[in-house]
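*Asks:* Here's my sequence, what's the structure:
(2 chains)
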Amino acid sequence: MSVYYDTKQQIIKELKTALGKGYSPTAAEVESPPDLAMGDFAFPCFTLAKGLKKNPAEIAVELAAKIEPKGVIKKVKATGSYVNFFLNTEIFGQEILNNIKNLGTGYGKAAEENHRRIMVEYANLNTHKEVHIGHLRNLFVGQTTINLLRAVGYEVIPVSYTNDLGTHVAKCVWGLKKFYGDYELNEENATTFLGKVYTEATQAEENDPKVKEEISQVFHELESGKGESVVLWKKTRKWSVNDLKSVFKELGLPISVWYFESEMIKPARKAIKELEKKGLAVKSQGATIIDLSEEKLGAYLLVKSDGMLLYAAKDIPLAFRKEEEYHPEKSIYVVDTRQSLAMQQLFATLRRMDFKKELIHLSYDFVTLKEGAMSSRKGNIIRYETLRDTLIDLAKTETQKRHPEWKEKFLQKTARTIAFAALRFGMLRQDPDKKIVFDINEVLSFDGYTGPYLLYTYARIQSILRKAGGLKSEIKSKHLVTPIEHQLLFKLAGYPEVIASTAHDFKLDRLAEYLFDLAKLFATFYHEVPVLQDENKEVVAARLALCEAVGQVIKNGLWMMGIETIEEM
RNA sequence: GCGCGCAUAGCUCAACGGAUAGAGCACUAGUCUUCGGAACUAGUGAUGGGGGUUCGAUUCCCUCUGCGCGCACCA
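*Replies:* Predicted coordinates for the structure are as follows:
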């Protein structure tokens, strides 16, 4: 599978032999010491000590004495209560560098597909509203999750469920009819305009209770598909969907299937009728609910007392439609944590309807501002396009300082890549379970733990490779003898395991952290060990091979996060 | 009120129950006849309070305090 994995297995095997039948160590027990000077792998003896009622330090000494170093294991040493294993850098390094070179962009991915199909629903945006930075987290988390699942061998079907017919749309259409004439409607900047109308309508509704009824009227018309509101809806919906699609395209989001909320109205009505027949759905205070108090999930509201369907009602037929069309083994919903209760209610309802497939709510916390939560109702959102353009401008200024001779087109392209790297890395470097307090200054900083830093590391590596001229790299790990080279080799070997574990628990920040650590190590190497200056050509060739490998892994890892690398910046 | 989550350095974040609690930003002092300074080296500086479980707790349990989110007609 990988050098890292194989070596770990070998250590487990040696431990087993030394321990006899009494104890069988697991892969999780073989850990990394805090400092590589202590060893490359460590086995703690505490659990063992408990069973044997002996001092763990004594056990460590005895165990270390029993294991003969051979092959990739160079030395075994007891330190405190740990048995530490030192690897033969030459053998280990040779294997890892060959591995990376042979696999290239495939390094870190599973060798073959496991033929298991997963559906990932994400990018569930609203039409008639603007894309803001909060949505970006959903898009990036979803995209990275899809890439990771594919990397470990799943067949992934990415789907976007677009909300093109909810209360927000009714509000917008009401506002259009009330405040604007046909002549004012324009496809140009449609989303910005529609977003503005939505905010105006919301404010009107708050000031006048009569407006609420009128909006409800519009919603009725839209749901039934008849009346003049429908014409207006169809027209603006098309503009809005086009705008969404162009944003998704710009971000390179993988989406194989599009579902729309408007398609789910009829099936939802049908499903509710059946639920009522079975006694699962009941009337309560004029609304239709599913009583989930047995599961301690309260009341799941499907239909409002004015007869209009709620978002939740349409999720039910959607689940069945996905099953019918794609029969995935499991379904992942990438949805904001604030909807946790609603997701649990949906899952509980589906289970009551004998829906058997595994359902997972991949939740992430939301993006907020220092002043408080963003909301398009309040109109205090930071739009995606605004942030993007600010970032590109900054990246352009910075790049121009360094390369005044570059042509405009190339400059622009480079600046875009840097800007998107900053944006994506900024959103993905944090544990998805934690709220992001968005700070524009932090995102605009290209120093330290950022996307541009990683791009910079990559560009530097490419620069060295270019300067090497005719000198070709050659994998000869016997020339990679300094401690920092050893650390780099070991770090490179750990990459496949990072991919595998991240694809398993979706703690996406671990991938970002790994890449940054790798880049930091490379920076140390860069300053301590001159690559091209060494007199021995073989040493230079070996170091070039190490540079290539680091570049490859950075490229592969960033690709997972949707970040492109560049040769110069 | 009930439920879920969070609390680590001045700020933003790390740490499968394990060895000396790590980074980035900011600040201070350095590195430079530079394989690209969007860099590197070093310094200052932290686990909200109180109990408990454990050989060992930032991590698990209880409790207090503070904050966020959700809890019937928004999504």
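
*Asks:* Quick check: the residue of the stretch 251-400 of chain A nearest RNA strand B.
*Replies:* Nearest to RNA strand B in the stretch 251-400 of chain A, going by C-beta to the nearest atom of the strand, is A:Lys304, at a distance of 2.8 Å. For glycine as for every other residue, the C-beta is placed from the backbone atoms N, C-alpha and C.

*Asks:* What of chain A?
*Replies:* A:Gly448 (2.0 Å).

*Asks:* Near the residue of the stretch 251-400 of chain A closest to RNA strand B, how many other residues are there?
*Replies:* A:Lys304 has 16 neighbouring residues, counting by other C-beta atoms under 10 Å.

*Asks:* Which residues are in contact with it?
*Replies:* Each residue near A:Lys304 by C-beta atoms under 8 Å, 6 or more residues apart in numbering is listed here: A:Ala287, A:Leu310.

*Asks:* follow-up on the earlier one: let me know the pLDDT of the residue of chain A closest to RNA strand B.
*Replies:* Model confidence at A:Gly448, given as pLDDT, is 94.

*Asks:* Now for chain A, the helix or strand with the poorest mean pLDDT.
*Replies:* strand A:372-373 (a mean of 80; mean pLDDT, DSSP states H and E).

*Asks:* How far off centre is it?
*Replies:* 23 Å (C-alpha atoms, centre = their mean, to the nearest Å).

*Asks:* Which SSE is immediately downstream of that strand?
*Replies:* helix A:384-402 (DSSP states H and E).

*Asks:* Tell me the gap between the helix or strand following that next one and the middle of its chain.
*Replies:* Using DSSP H and E, the helix or strand that follows helix A:384-402 towards the C-terminus is helix A:408-428. Put simply, helix A:408-428 sits 18 Å off its chain's centre (C-alpha atoms, centre = their mean).

*Asks:* now helix A:408-428 against helix A:384-402, angle please.
*Replies:* Between helix A:408-428 and helix A:384-402, the angle comes out at 120 degrees (axes from the mean of the first three to the mean of the last three C-alpha atoms, to 10 degrees).

*Asks:* what lines up beside the following helix or strand past helix A:408-428 in the sheet?
*Replies:* Under the assignment DSSP H and E, the closest C-terminal helix or strand after helix A:408-428 is strand A:436-438. Using DSSP bridges, the strands paired with strand A:436-438 are strand A:367-369 (parallel).

*Asks:* helix or strand for A:Thr288, which one?
*Replies:* Using DSSP H and E, the element containing A:Thr288 is strand A:287-291.

*Asks:* er, A:Val156 I mean
*Replies:* Assigned by DSSP H and E, A:Val156 falls in strand A:155-162.

*Asks:* neighbours around A:Gly20, how many?
*Replies:* Neighbours of A:Gly20 using other C-beta under 10 Å come to 9.

*Asks:* three-state assignment of it?
*Replies:* Per DSSP: H, G, I helix; E, B strand; the rest coil, the secondary structure class of A:Gly20 is helix.

*Asks:* for A:Tyr259, same thing?
*Replies:* Under three-state DSSP, A:Tyr259 comes out as strand.

*Asks:* Just give the nearest non-adjacent residue to it, would you?
*Replies:* Nearest residue to A:Tyr259, sequence neighbours excluded (C-beta to C-beta, 6 or more residues apart in numbering): A:Tyr161, at 4.7 Å.

*Asks:* so that neighbour touches A:Asn126, yeah?
*Replies:* No: between A:Tyr161 and A:Asn126 there is no contact under C-beta atoms under 8 Å: 10.8 Å.

*Asks:* sorry, back to before: tell me which helix or strand comes right after the strand holding A:Thr288.
*Replies:* strand A:299-303.

*Asks:* Would you mind getting the angle between that following strand and strand A:287-291?
*Replies:* 150 degrees.

*Asks:* Just list what strand A:299-303 packs against, helices and strands only.
*Replies:* The contact analysis (3 or more C-beta pairs under 8 Å, 6 or more residues apart in numbering; DSSP states H and E) places strand A:299-303 against helix A:265-277, strand A:287-291, helix A:311-326, helix A:340-352.

*Asks:* And those: which comes nearest A:Phe410?
*Replies:* helix A:311-326 (42.1 Å; C-beta to C-beta).

*Asks:* Could you list the buried residues of that closest one?
*Replies:* A:Tyr311, A:Ala312, A:Ala313, A:Lys314, A:Asp315, A:Ile316, A:Pro317, A:Leu318, A:Ala319, A:Lys322, A:Glu323, A:Tyr326 (16 or more other C-beta atoms under 10 Å).

*Asks:* hmm, who's touching that helix?
*Replies:* A:117, A:119, A:121, A:157, A:159, A:161, A:163, A:166, A:257, A:259, A:261, A:264-265, A:267-268, A:270-272, A:300-303, A:328, A:331, A:342, A:345-346, A:349-350, A:353, A:355, A:357, A:359.

*Asks:* Which elements pack onto the following helix or strand past it?
*Replies:* Remark: after helix A:311-326, the chain's next helix or strand is strand A:330-336, criterion DSSP H and E. Applying 3+ C-beta pairs under 8 Å, 6+ apart, we find strand A:330-336 packed against strand A:117-122, helix A:133-151, strand A:358-364.

*Asks:* Contact partners for A:Gly166?
*Replies:* Contacts of A:Gly166 (C-beta under 8 Å, 6+ apart): A:Asn126, A:Glu261, A:Tyr311.

*Asks:* Just the local confidence number for it, please.
*Replies:* 87.

*Asks:* What of A:Lys378?
*Replies:* 71.

*Asks:* same for the strand holding A:Thr288, what does it pack against?
*Replies:* Going by 3+ C-beta pairs under 8 Å, 6+ apart, strand A:287-291 lies up against helix A:265-277, strand A:281-284, strand A:299-303, helix A:340-352.

*Asks:* That strand pairs with which strands, parallel or anti?
*Replies:* Here, using DSSP bridges, strand A:287-291 pairs with strand A:281-284 (antiparallel), strand A:299-303 (antiparallel).

*Asks:* From the chain's centroid, how far away is that strand?
*Replies:* That offset, for strand A:287-291, works out to 35 Å (C-alpha atoms, centre = their mean).

*Asks:* That one and RNA strand B, any residue contact?
*Replies:* Yes: counting by C-beta under 7 Å from any atom of the strand, RNA strand B is contacted by strand A:287-291 at A:Ala287, A:Ile289.

*Asks:* What residues does the stretch 301-450 of chain A have near RNA strand B?
*Replies:* A:301, A:304-306, A:308, A:310-312, A:337-342, A:365, A:372-373, A:395, A:398-399, A:402, A:418, A:429-431, A:433-437, A:439, A:442, A:445-450.
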